[in-house]
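A.B. asks: Sharing a sequence plus its predicted fold:
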Amino acid sequence: MSSIFQNLDSIKQFVLSFGEIAGSLLIGVLIGVVGAVRKRKINLKWNTSKERTFVEKHSRIHEQLTELRVMVRASRCLVFQFHNGGSFADGVSIKRFSVTHESCEAGVTSMILESQDVLLTRYIELVQTMKDAPHKILPVSSLAPSSFRSGLEINSVEYFSVSPLQCSDSLTPMGFVCCHWCSADKLDEIEKEGIAQTALEQLIGDSVRNINSYFWFKAGRKQ
């Protein structure tokens, strides 16, 4: 009989020991899970904030670009940004540009896909126009034969304007905004309404400065 009780005590001790070990393991697992969840929440909150900033910033840029297009009755407005496209054999950086934002009137063909990773040296006339006549509305026919003119003509552009964008130091070129009019009729309508071209060019300049400022937008900052 005593041997039976001894066996029962042994079984009891074994069960208690096993329970303690299992309980310790369970507590450890729960602590690990809670820690992982908390860490995940922190990371998720940080990523969501960064994502919200990114989306809000570029939404504002696109909204301002669309507003500009509607106000000046352009067929197409685009933001181009400069970037590095590698290096030449002598180590000099290869300058390129790409369309990053675009707003088109209904029925007007998009240029965003065909205007990626473009070699800047092919468009020196564009750079010169941006320097000499920023915001000015110019006829494509006034350009000398060049890749710049050909690109506009291929996309049915009759009039255009080019406005520079600057980096946050206000010195380094970041890119430019282009407005395209695929028909002179829209500009004629504006002229008939008594709006001078100089006023239109001032409006383009003001809108481009707003677009430029949105590139440095941060969530929570008042504009």
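C.D. replies: Structure received. Numbers count the residues shown, from 1 in each chain.
A.B. asks: what's near enough to touch residue 204?
C.D. replies: Contact partners of residue 204, counting by C-beta atoms under 8 Å, 6 or more residues apart in numbering, are 68, 72, 135, 137, 161, 163, 179. C-beta coordinates here come from the backbone N, C-alpha and C atoms, glycine included.
A.B. asks: got the buried residues for the helix or strand harbouring it?
C.D. replies: Secondary-structure element containing residue 204, defined by DSSP states H and E: helix 197-214. Buried positions in helix 197-214, judged by neighbour count with 16 or more other C-beta atoms under 10 Å: 200-201, 204, 207-208, 211-212, 214.
A.B. asks: repeat for stretch 61-75
C.D. replies: Buried-residue list, stretch 61-75, by 16+ other C-beta under 10 Å: 61-62, 64-66, 68-69, 72-75.
A.B. asks: so the spatially most central residue of the chain is in which element?
C.D. replies: Residue closest to the mean C-alpha point of the chain, counted by C-alpha atoms, centre = their mean, is residue 58 at 4.9 Å. Element membership for residue 58 (DSSP H and E) is helix 2-72.
A.B. asks: ok, then the element right after that helix?
C.D. replies: strand 76-87.
A.B. asks: which element follows that following strand toward the C-terminus?
C.D. replies: That would be, after strand 76-87 and using DSSP H and E, strand 93-104.
A.B. asks: Run me through the strand neighbours of the helix or strand following that next one, direction for each.
C.D. replies: Downstream of strand 93-104, the first helix or strand assigned by DSSP H and E is strand 118-119. The pairing partners recorded for strand 118-119 under DSSP bridges are strand 93-104 (antiparallel).
A.B. asks: Could you export the strand it pairs with as PDB, CA atoms only?
C.D. replies: The C-alpha coordinates for strand 93-104 follow below in PDB (Å, rounded to 0.1, in the frame of the first residue of the first chain):
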ATOM      1  CA  SER A  93      28.300  62.600 -64.000                       C
ATOM      2  CA  ILE A  94      25.800  61.900 -66.700                       C
ATOM      3  CA  LYS A  95      22.900  64.400 -66.200                       C
ATOM      4  CA  ARG A  96      19.400  63.100 -67.000                       C
ATOM      5  CA  PHE A  97      15.800  64.100 -66.300                       C
ATOM      6  CA  SER A  98      12.500  62.300 -66.000                       C
ATOM      7  CA  VAL A  99       8.800  63.300 -65.700                       C
ATOM      8  CA  THR A 100       7.600  62.700 -62.100                       C
ATOM      9  CA  HIS A 101       4.200  64.400 -62.200                       C
ATOM     10  CA  GLU A 102       1.700  65.100 -65.000                       C
ATOM     11  CA  SER A 103      -1.700  66.600 -65.500                       C
ATOM     12  CA  CYS A 104      -3.400  66.300 -68.900                       C
END
